[in-house]
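Got a predicted structure here, sequence first:
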Amino acid sequence: RRTATTDYYDMTIRHGAAEILPGVSTPIMGYEGRFPGPTIRAEAGRRVVVRQTNAMMHETVVHLHGGLVAPGQDGHPADSIAPGAYREYVYDNRQPSATLWYHDHSHHMEAEMVFRGLAGFYLVGDRRERRLGLPSGRYDVPLMLRDARFDEQGRLLFEMDDFRYRNTLLVNGRPQPYMKVDGRKYRLRLLNGSNERYFTLRLGEGDGDAMTVIASDGGLLPAPVTATSITLSPAERVDVVVDFSRYRPGTRVVLHNADGTDEATTGVMRFDVGHRVPDLSRVPERLGHARDLGEAVVTRDIEMKLDLSIGAFVIDGKTFDMDRVDTKIKRGETEIWRVHNRDVRPSVPHNFHVHGTHFQVLDRNGQPVTGHEAGRKDTVAVPIGGDVRLKVRFDRYLGRYLYHCHLLDHSSMGMMAQAEVI
Ligand code: C2O
Ligand code: CU
Ligand code: CU
């Protein structure tokens, strides 16, 4: 349904079956029973109302990852939809164009439910971006990258924190697919939708062909940057423009994962290049603008750690309690958060995601970040034994927002906390 200022979507969250492996029907959980869920296209300044009906046997809650939405619409685990019930999520889209996604955030269950398929793209567009002339329409392709583990019957097999066995790579729900592309520019929206796997993406042979990075989690970068290798930890997004006209027709260009250990985990997908076609799209020198977040008035340290004595992942020594406020932050005040990964032995990678805002990454282990990480972010990798410093500010709503490790098995096992904006 469409009115002058609002787009309405109706979705049923249900069990379904998807053909993920060729010829095999795999039980999944999906928005509209699809794996992954349908892509929602929103327009900045226009409201989107999504009515989500829970047709499953257990609770679920839908979070809009990267959305600058009010706490009540954010998908807090305390706001779950009971089996058989529905609720409407209202998204105002008061934010610039960006690649977002929506996914389950059920209490202690998000790892399994996202793994089983409860995730989909949510793309915000705006007039400013359309004027830039970037590749659009069918030349603007969202790609959800993730891994999965299957049993002999082709059913998804989930065991907490068993990432070593999740050795099948999927793109938009298919293993190592190929895509026919015209000889022209494409915008590829790359999302790492894995629970725990990191991707280091390279295009073509050897050290990798150049990709033009145009956007990060929070939207367009101030200016495009060229990269031959892009690392994405879980939930991070990067939009790149690839010009396939530089390959001869008939070339097969493989998108590789340089972190892979074997054939199964190295090849991500393939682009089969066709003939050159007229291409009026372009990547201008100037794209978006990132407002400076101002002088910080408060600095705080946040520690992420596997606590072996209680067998849980903790933030600042505590496992998640949805009734406890861990941090208070004044609306409109800039803070510096220094986030530490204390897990050297055993070594465990973490990342850090904040709801309800886009932060600026100042540095990692004292080194300024570059490339897509210099843009506005909502998720950032925190290396083993290292730290990242972020500038964080909440400008809009009062209330509670989560922050957590987005290795979802870790957050499901307690590595999550919440800030109250006051
Ligand atoms: Cu994408 Cu709290 O998560
Ligand atoms: Cu989020
Ligand atoms: Cu973690």
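Arrived safely. Numbers count the residues shown, from 1 in each chain. Ligands and ions are numbered 1, 2, ... in the order given.

mind listing what residue 149 touches?
By CB atoms under 8 Å, 6 or more residues apart in numbering, the residues touching residue 149 are 156, 157, 158, 162, 165, 166, 167, 168. For the C-beta atoms, the positions are set from N, CA and C on the backbone; glycine is no exception.

how about the helices in the stretch 301-422 of the chain?
Applying DSSP state H, counting those that start in this stretch to the stretch 301-422 of the chain gives helices spanning 408-412.

What's the local residue count around the residue of the stretch 251-400 of the chain found nearest ligand 2?
At 4.7 Å from ligand 2, residue 355 is the closest residue in the stretch 251-400 of the chain, using CB to the ion. A count of nearby residues for residue 355, using other CB atoms under 10 Å, gives 25.

so what's it closest to, chain neighbours aside?
Excluding the flanking residues, the one nearest residue 355 by CB to CB, 6 or more residues apart in numbering is residue 401, at 4.1 Å.

got a list of what that neighbour touches?
Contacts of residue 401 (CB under 8 Å, 6+ apart): 71, 74, 354, 355, 356, 357, 394, 418, 419, 421.

Can you tell me which of those is closest to ligand 3?
residue 354 (14.3 Å).

Surely the closest one and residue 406 touch.
No: using CB atoms under 8 Å, residue 354 is not in contact with residue 406, being 10.1 Å away.

More neighbours: the two, which one.
residue 406 (27 against 21).

buried sites along whatever helix or strand residue 130 lives in?
Assigned by DSSP states H and E, residue 130 belongs to helix 127-132. Across helix 127-132, burial judged by 16 or more other CB atoms under 10 Å covers 129, 132.

Show me what it is packed against.
Using 3 or more CB pairs under 8 Å, 6 or more residues apart in numbering; DSSP states H and E, no helix or strand is in contact with helix 127-132.

Now do the SS call for the closest residue to ligand 2 within the stretch 101-250 of the chain.
Closest to ligand 2 within the stretch 101-250 of the chain is residue 235: 7.1 Å, counting by CB to the ion. Counting by DSSP: H, G, I helix; E, B strand; the rest coil, the backbone at residue 235 sits in coil.

And for it, the neighbour number?
By other CB under 10 Å, the burial measure for residue 235, its neighbour count, is 25.

Was I right to think it contacts residue 99?
No: here residue 235 does not reach residue 99: they are 11.3 Å apart, not a contact under CB under 8 Å.

so what's residue 21 closest to, chain neighbours aside?
Computed as CB to CB, 6+ apart, the closest residue to residue 21 that is not its neighbour in sequence is residue 154, at 5.2 Å.

Revised request: answer the last question for residue 352.
Nearest to residue 352 is residue 339, by CB to CB, 6+ apart, at 4.9 Å.

Now for the one you found: which residues touch it?
Residue 339 makes contact with 301, 302, 304, 352, 380, 382, 387, 388, 389, 390, according to CB under 8 Å, 6+ apart.

which parts of stretch 404-421 are buried?
For stretch 404-421, the neighbour count (16+ other CB under 10 Å) marks 404-419, 421 as buried.

Can you name the residues of this protein sitting close to ligand 2?
Proximity of the chain to ligand 2, by CB under 5 Å from the ion, involves residues 65, 355.

Under the pLDDT cut-off, which ranges of the chain? List them.
Scanning the chain with the threshold set as pLDDT under 70 gives 1-3.

domains of it?
Using automatic domain parsing, the domain parsing of the chain gives 6-125, 132-276, 298-421.

helix, strand or coil for residue 63?
Using three-state DSSP, the secondary structure recorded for residue 63 is strand.

Return stretch 168-181 as CSV; C-alpha atoms alone will do.
The C-alpha coordinates for stretch 168-181 follow below in CSV (Å, rounded to 0.1, in the frame of the first residue of the first chain):
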residue,chain,number,x,y,z
THR,A,168,29.5,-23.3,2.8
LEU,A,169,29.6,-19.7,1.5
LEU,A,170,26.3,-18.3,0.3
VAL,A,171,25.5,-15.2,-1.6
ASN,A,172,21.8,-14.2,-1.4
GLY,A,173,21.1,-17.7,-0.2
ARG,A,174,22.9,-19.6,-3.0
PRO,A,175,26.3,-21.3,-2.7
GLN,A,176,29.0,-19.7,-4.8
PRO,A,177,26.6,-18.4,-7.5
TYR,A,178,27.5,-16.7,-10.8
MET,A,179,25.9,-13.6,-12.3
LYS,A,180,25.9,-12.5,-15.9
VAL,A,181,27.0,-8.9,-16.1
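
Which residue, other than its chain neighbours, is closest to residue 247?
Among residues not flanking residue 247 along the chain, residue 273 sits closest, at 4.5 Å (CB to CB, 6+ apart).

helices and strands around the helix or strand where that neighbour lies, which ones?
Per DSSP H and E: residue 273 is located in strand 267-276. Here strand 267-276 touches strand 168-171, strand 178-183, strand 252-257, going by 3+ CB pairs under 8 Å, 6+ apart.

quick check: angle from the helix or strand following the second one to strand 252-257?
This means strand 178-183. The helix or strand immediately downstream of strand 178-183 is strand 185-192, counting by DSSP H and E. Calculated by axes from the mean of the first three to the mean of the last three CA atoms, to 10 degrees, strand 185-192 forms an angle of 30 degrees with strand 252-257.

Which SSE is immediately downstream of strand 185-192?
Per DSSP H and E, the helix or strand that comes after strand 185-192 is strand 199-203.

list the helices and strands that following strand packs on?
So strand 199-203, by 3+ CB pairs under 8 Å, 6+ apart, packs with strand 230-232, strand 252-257.

quick one: the closest residue to ligand 1 within the stretch 101-250 of the chain from residue 203, how far?
The minimum distance from the stretch 101-250 of the chain to ligand 1, using CB to the nearest ligand atom, falls at residue 235 (4.9 Å). To residue 203, residue 235 is 22 Å away according to CB to CB, to the nearest Å.
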